[in-house]
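Colleague: I need the structure of the sequence given here:
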Amino acid sequence: MNDQAIAVTAWEALFRAQVSVMRYLGAEFPAGDLSLNEYDVLFNLSRQPERRLRLRDLNEHLLITQPSVSRMVDRLVARGLLAKTNDPADARGVNVSLTDAGYELFRRTARAHMASIQTRVGGALSTEELTTLAELCDKLRLAGR
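Modeller: Predicted coordinates:
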């Protein structure tokens with residue numbers, strides 16, 4: 001096989017693996033208090049300093065479109081899981097932060113979600129393979145920057 005065919009074969013394998021894993025995780029996601037997309041918002045904010053980001057920057061971390069993120073953030077604010085404030089450094093900007101209630105809900109949901117990830121991903125690969133997979137995925141993600 002030539003380099004192009006190898007790249008396409010690798011892409012197909014990666015894409016199909018991602019779809020398969022996401023379907024499993026979606027089916028196993030501890031639904032009730034949060035959707036998987038809402039969890040992703042809380043997850044990304046939980047990893048930021050002071051659990052806060054500008055709304056524009058949050059959009060860059062998520063897989064859904066900007067209008068969808070804005071509406072979802074507004075719903076999470078209404079539920080008391082997030083807070084929105086004006087950015088003191090830029091009056092046009094809006095900061096979004098996790099409330100204590102949002103962080104606690106994230107942590108409860110994360111425990112169950114991590115168990116599903118361990119079963120599906122950790123159960124299929126060795127520790128060495130998981131490390132290599134993370135390194136390769138980071139390399140692919142950063143190549144487009």
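Colleague: now the helix or strand harbouring residue 85: buried residues?
Modeller: Residue 85 is part of strand 82-87 when elements are defined by DSSP states H and E. If you call a residue buried by 16 or more other CB atoms under 10 Å, then strand 82-87 has these buried ones: residue 82. The way it works is simple: take the backbone N, C-alpha and C, and place the C-beta from them, glycine included.
Colleague: quick check: can you name the pairing partners of that strand and their directions?
Modeller: The sheet places strand 82-87 alongside strand 90-98 (antiparallel), with pairing taken from DSSP bridges.
Colleague: whichever helix or strand comes after the partner strand packs against which elements?
Modeller: Downstream of strand 90-98, the next assigned helix or strand under DSSP H and E is helix 100-117. Judged by 3 or more CB pairs under 8 Å, 6 or more residues apart in numbering; DSSP states H and E, helix 100-117 is in contact with helix 3-28, helix 36-46.
Colleague: would you mark the buried spots in stretch 64-76?
Modeller: 69, 72-73, 76.
Colleague: keep only those of these that are in strands.
Modeller: Within the buried residues of stretch 64-76, membership in strands is found for no residue, as judged by DSSP state E.
Colleague: tell me the one of the residues you listed nearest residue 52?
Modeller: residue 73 (12.4 Å; CB to CB).
Colleague: what sits against the residue nearest to that closest one when sequence neighbours are not counted?
Modeller: Sequence neighbours aside, residue 96 is the residue nearest to residue 73 in space, at 5.6 Å (criterion: CB to CB, 6 or more residues apart in numbering). With contact taken as CB atoms under 8 Å, 6 or more residues apart in numbering, residue 96 is in contact with 45, 52-55, 58, 73, 82-84.
Colleague: so, low pLDDT: which residues of the protein?
Modeller: Under the criterion of pLDDT under 70, the regions of the chain flagged as low confidence span 145.
Colleague: nearest the geometric middle of it, what residue?
Modeller: For the chain, residue 40 is the residue whose C-alpha lies nearest the centre (CA atoms, centre = their mean; 4.0 Å).
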